[in-house]
Each structure stands twice: as C-alpha cells, then as structure tokens.
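Visitor: Got a sequence here, can you model it:
(one chain, ligands or ions: 1)
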Amino acid sequence: VNYTASEQWLLDRFADMEIIDAHTHLPVERVRLAEHTDALTFYRQYTRLVMFSGGLDETTFLRIHDPDRPLHERFDLLEPHLEQIQFSSAGRAATIALERFYGETKLTRDNIERITQKMGELHRPGVLYRTVLEDACSIRQLVQNAPPHEVDFDDRLLRPVPMIGIGGEWNEFNDLAESLRSGEIRCNSPDEYIEDRKERLIGLARRGAAAFKTTSHPYCEPDRRNAREIFDDLRSGRAHRTSRLTPNPLHCYLSDALFAAVEQLGLPVAVHTGVWGDFRESDPTHVIPYIQSHPGLRFDLFHMGIPSVREFGRIGANFGNAWLNMCWAPTLSTTMVANALDEWMDMVAMNKIIAFGSDTRWPVEKVYGHLKLAQEAVATVLGRRMDRGLMLAEEALSVARKWFFENPAALYRLDHRLGRSVRPEAKPNAATVRHAD
Ligand SMILES: [Zn+2]
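Guide: Numbering: from 1, shown residues only. Below you'll find the model as predicted:
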C-alpha cells in the first residue's frame, strides 16, 4: 500500500503504540489451543460473510472447515472463493496476518501444509497469545465477550464481559422463551426473573466483569402488564410474536430493569448495533430511548452501527453517556470507517471514540490483520488533517493514543500497568459512576 508521508509517519508510530482490544470473542488460551487449527482457519471468520455474499453455501463452508476431511480436498472447495474476496477488507485482514506470521501473501495448494505446520509451532501454551497479542500487536488487555466456560476471571489479558441476560445474543430471547417453556427457568413473573438476574449480575461484577453485553432492539415504554402477558404466553407454550422489527414488551421491560441494575453496579453496558442479516432489527437508533432514560449508565455502542455510521456518530455527539466503538468495523469496510470517522471528528469529543476491537474468535493471528486495518483508517483520517494544517503531528498522535488506548482503558477501568483489572467496589454508588470518566 502506498501511503502519504503523514499517514506513513503515523503508521510508523502506531507500530509500537500500546493497544486495548475493546471487543474480542477469544476464549482463554487453553480453550483455544484445544481446538483444531490449520491454514484454512484464516478464512473461517468474517471472510465467510463476503464469501456468502458471492454464493458460498453453508454446507460447503462447513465442509471447508471440517478437520476430518483431507486438507487439499477442503482447499479445492475454498480456492474459487478466495479470488472473489481478496480485495475486501476482510480478505485484506487475512492477507496481512498471513504475511506477518507465515511470510505468505496468499494460500495456495503448495503452501497450505507448510503454513499448517508452522502454525503448530506458534500455537503452544504461553506462546500463542503472547506472540500474537502482546508482542506483534502491543495489546495490553482485551475486553472479552465469551461464553462462561471460555472465561477465567483471573486471566491476565482477558477482561470478561458477560451477557446481561436478555436480548444480548441473537437467540438469547428465544433461549429465554425455550427455558420458560421447558421449566428450566422457574420464575413465575418477569419481576422474579429480574431479581434472579440481578443477583447474578452482582456476583459477576464482584468476580471482575468489566461490563455487560446486549444487542440494540426496537424499544417501547416498559409496561409490567404487557410484559407479564407475554411472559405467561411463553411459559404456557402459546405462540408469541417473534418479529424483531417491532418492540417486544417483555424484552423492553426486562432490558430496562437490567440496565438499571448495571447502572447501580457502576459498570458500562456494551451494545451490539448494526451489521448482520436484517440490520434494521439492530439499528443503533433503537438505543436512544434507553440512553436517555438511563443517563447514569455508560453505553459502549459497537460496530459503528454499520451501515448507519452517520446516525451512530450523531448519537455520540448528542449523549454524554454514549461511546462510539469501532470494533469489527474496519474489517467490514475500511473505507466506510475512514469516511465516517472523519465526520465524527467534526462533532464528537475525542474521549468518546474507541478505535479498535478485533471481534476475533478462531483465527487468533488475524487480530493483527484487524488491528492494521483500524490503524490504516485512523492514519488516513488524521494524516489528511495534518496535511491540511488542521492538526500538528503530535496532536494527531495524542488523539490516536486516546482512541486506541486511553478511552477504552478509562471506560472499562483497565489497569494496563498490572496487566489486569481494577475491580469495582462491591457496592459502587452513583457518585463513582459519574466521576469514573
Ligand atoms: Zn462481537
């Protein structure tokens, strides 16, 4: 890539700048190492979305990543799709990581065995995360969104962010419905469920949870009676409306109460917005009423609300308790990120933007590729402003430091010097919340 002199100057400085990965799905290293890995793992996550858009079907995708099949046979299935995605941001992230760790710019029939063998040398306990995350990326801590069995609250690098308990994952509401139907959840009312969940959130906060995670949904005024009706329908197995384009009163009632509980704990809430499937369901603008009705709760909004990046920026500009997190976004479109970030700079305070979250699960090496794309987008925006005389070089560097490190460290109260968390007091009060930022 040919960069301008200013962009290159910034990128050279970024090379050893300390980084917080503000959103990852990586499990603790022990869990990741127990899983199968080979050269094709580079094309398992996120590149698949671009491949699906080009016609790859789910069955072939599963075959490509089925370790019981011969590597070459699987590569033959993958190869026609590699050409289609090579210029996409996700494809570039894979190429950058392949080159950095294995000295290859593309996968070929001839190099897949060799790369797989080299991966075996890197994928060892105490080596993989240190080499990729700490040495190559200069990451000091990662804010981790993973299932409970992939989390260790005492891990030096990973700070857990458990699900809030409703509407966090795509199927979480359906899971709740199923658990009520099957009698696995033995609560008799939405309020009983809320009390039960609150206890859990307090327990998780005491163990060191950095925040709680959920997803943006259409919102309505919380109403106990309407919520109760749906709750009873779910318990008795009666059909209920599942469209996510209109508000679900039970979901709204539970979310509102659990947001209040997280606010009490003095922790932020991380909110997925945009991107997937029918992205209208998780539009970032849905969160606005929650942001307004919980002014003491800090919202870390994820993924730039892609494709609604402009509305997303305006939310950060209008509300002091909403942060703009670029996690995953540069891998979706580095260009969209650079354009939007430039607009955000015009209207949002510099302490509100978080420039990096790799959002990676399987291809650990690709955290590096995702980081390089985020750094490229930031260098493009700041470099252009340096060239126009809008910023001094040192000012640009100081802004980048905020975006890549200081802002996420402050929002999630990370302590980089110790390489571990500063745990919240057992019962933080409202004053701590307001002074935390
Ligand atoms: Zn994610």
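Visitor: Can you name every helix or strand that the lengthiest helix in the chain contacts?
Guide: Ranked by number of residues, the top helix in the chain under DSSP state H is helix 366-387. Based on contacts counted as 3 or more CB pairs under 8 Å, 6 or more residues apart in numbering; DSSP states H and E, the elements that helix 366-387 packs against are helix 5-14, strand 19-24, helix 89-102, helix 329-332, helix 334-347, helix 393-401. In this view, the C-beta of every residue, glycine as well, is placed from N, C-alpha and C.
Visitor: ok, now which ones touch the residue nearest to Met336 when sequence neighbours are not counted?
Guide: With sequence-adjacent residues excluded and distances taken as CB to CB, 6 or more residues apart in numbering, Met336 is closest to Val309, at 6.2 Å. Contacts for Val309 were tallied using CB atoms under 8 Å, 6 or more residues apart in numbering; they are Met336, Val337, Asn339, Ala340.
Visitor: that older thread, would you mind getting the angle between the longest helix of the chain and helix 393-401?
Guide: 150 degrees (axes from the mean of the first three to the mean of the last three CA atoms, to 10 degrees).
Visitor: Keeping just the C-alphas, turn stretch 382-401 into PDB.
Guide: The C-alpha atoms that make up stretch 382-401 are tabulated as PDB, following Å, rounded to 0.1, in the frame of the first residue of the first chain:
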ATOM      1  CA  LEU A 382      -5.500  12.100  11.000                       C
ATOM      2  CA  GLY A 383      -2.900  12.200   8.200                       C
ATOM      3  CA  ARG A 384      -5.200  14.100   5.900                       C
ATOM      4  CA  ARG A 385      -5.900  16.600   8.700                       C
ATOM      5  CA  MET A 386      -2.200  17.000   9.300                       C
ATOM      6  CA  ASP A 387      -1.700  17.700   5.500                       C
ATOM      7  CA  ARG A 388      -4.300  20.300   5.500                       C
ATOM      8  CA  GLY A 389      -2.700  22.000   8.500                       C
ATOM      9  CA  LEU A 390      -5.700  21.200  10.800                       C
ATOM     10  CA  MET A 391      -3.600  19.300  13.200                       C
ATOM     11  CA  LEU A 392       0.000  19.100  14.400                       C
ATOM     12  CA  ALA A 393       1.700  15.800  14.200                       C
ATOM     13  CA  GLU A 394       2.000  15.500  17.900                       C
ATOM     14  CA  GLU A 395      -1.700  16.400  18.300                       C
ATOM     15  CA  ALA A 396      -2.700  13.600  15.800                       C
ATOM     16  CA  LEU A 397      -0.600  11.200  17.800                       C
ATOM     17  CA  SER A 398      -2.200  12.200  21.100                       C
ATOM     18  CA  VAL A 399      -5.700  11.700  19.600                       C
ATOM     19  CA  ALA A 400      -4.700   8.200  18.300                       C
ATOM     20  CA  ARG A 401      -3.400   7.300  21.800                       C
END
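Visitor: So which residues make contact with that stretch?
Guide: Applying CB under 8 Å, 6+ apart, the external contacts of stretch 382-401 come out as 3-4, 6-7, 9-10, 13-14, 17, 342, 345, 350, 355, 378.
Visitor: Poorly predicted segments of the stretch 101-250 of the chain, please.
Guide: Using pLDDT under 70 as the threshold, the predicted model of the stretch 101-250 of the chain has low-confidence ranges 167-174, 239-242.
Visitor: where exactly do the strands run in it?
Guide: Taking DSSP state E, counting those that start in this stretch to define them, one finds strands in the stretch 101-250 of the chain at 139-144, 158-160, 212-215.
Visitor: so can I have CSV of those showing distance to Thr37?
Guide: Output for these, formatted as CSV (distance: least, CB to CB, whole Å):
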stretch, distance to Thr37
strand 139-144, 19
strand 158-160, 19
strand 212-215, 26
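Visitor: Excluding covalently adjacent residues, which one is nearest to Glu376?
Guide: Taking CB to CB, 6+ apart as the measure, Glu376 lies nearest to Thr334, with 6.1 Å between them; neighbours along the chain are not counted.
Visitor: Oops, could you answer that again for Glu343 instead?
Guide: What sits nearest to Glu343 in space, not counting adjacent residues and going by CB to CB, 6+ apart, is Gly313, at 5.9 Å.
Visitor: what's near enough to touch the one you found?
Guide: When the contact criterion is CB under 8 Å, 6+ apart, the partners of Gly313 are Leu324, Ala340, Glu343, Trp344, Met347, Val348.
Visitor: ok, now with 10 Å
Guide: When contacts are counted by CB atoms under 10 Å, 6 or more residues apart in numbering, Gly313 is found next to 284, 304-305, 324, 340-341, 343-348, 352-353.
Visitor: From these, keep the buried residues only.
Guide: Of all those considered here, the ones buried according to neighbour count by 16 or more other CB atoms under 10 Å are Pro284, Met304, Gly305, Leu324, Ala340, Leu341, Trp344, Met345, Val348, Lys352, Ile353.
Visitor: now the third one: how far from Phe404?
Guide: Read that as Gly305. Look at Gly305 and Phe404: by CB to CB, to the nearest Å, they are 20 Å apart.
Visitor: same check, this time on the second one
Guide: Distance of Met304 to Phe404, computed by CB to CB: 16 Å.
Visitor: how about stretch 202-216: buried residues?
Guide: Neighbour-count burial for stretch 202-216, counted by 16+ other CB under 10 Å, picks out Ile202, Leu204, Ala205, Gly208, Ala209, Ala210, Ala211, Phe212, Lys213, Thr214, Thr215, Ser216.
Visitor: follow-up on the earlier one: what about the residue nearest to Glu343, distance to Glu83?
Guide: Spatial separation of Gly313 from Glu83 under the definition CB to CB is 35 Å.
Visitor: Give me the pLDDT for Asn321.
Guide: Turning to Asn321, the model gives it a pLDDT of 98.
Visitor: Next: Thr432.
Guide: 34.
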